[in-house]
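Colleague: please find the sequence and the predicted model below.
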Amino acid sequence: VQLVESGGGVVQPGGSLRLSCAASGFTFSSAVMSWYRQAPGKERELVTTITRASFTRYYEDSVKGRFTISRDDAKNTVYLQMNSLKPEDTAVYYCKARSYVGYDYWGQGTQVTVSS
């Protein structure tokens, strides 16, 4: 099983980034996919989740209206479009897959820094 995040970087406040998470080694279309983030000195927190077939999406309150999660089951990839970024969005962003049988898999993380 492998989850590989990409798309992180440094962006100014108000800017946008699009994160990608490419998955392999499990049945992606059956998995519930999530993005988490961990800021320095803080616990890892759930940002957003998308269920199978994009049936349901959940967003943490602070990112509602700014972040959008999507998935492409043909490409085994989940995306996180982040708009109107704020300094408090600075964190390492992790992709997580929960398989149909309940196993959790994590990516290695990608750094997002929002700074002027």
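Modeller: Nice, I can see it.
Colleague: which stretches of this protein form strands?
Modeller: 2-6, 9-11, 17-24, 32-38, 45-50, 57-59, 67-72, 77-82, 91-98, 104-106, 110-114 (DSSP state E).
Colleague: columns mean neighbour count and mean pLDDT on top of those, output as CSV?
Modeller: Where you see a C-beta, it was placed from the backbone N, CA and C, and this is true even at glycine. CSV is the format used below for these (neighbours: other C-beta atoms under 10 Å; pLDDT from 0 to 100):
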stretch, mean neighbour count, mean pLDDT
strand 2-6, 17, 97
strand 9-11, 14, 98
strand 17-24, 18, 98
strand 32-38, 21, 98
strand 45-50, 18, 98
strand 57-59, 15, 97
strand 67-72, 18, 98
strand 77-82, 22, 98
strand 91-98, 21, 98
strand 104-106, 14, 97
strand 110-114, 18, 98
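Colleague: who is the residue nearest to the spatial centre of the chain paired with across the strands?
Modeller: Nearest residue to the geometric centre of the chain (C-alpha atoms, centre = their mean): W35, 2.9 Å. Note on W35: beta-bridge partners by DSSP bridges are T48, C95.
Colleague: next one: V4
Modeller: A22.
Colleague: from S116, how far off is it?
Modeller: 30 Å (C-beta to C-beta, to the nearest Å).
Colleague: repeat that for T51.
Modeller: 36 Å.
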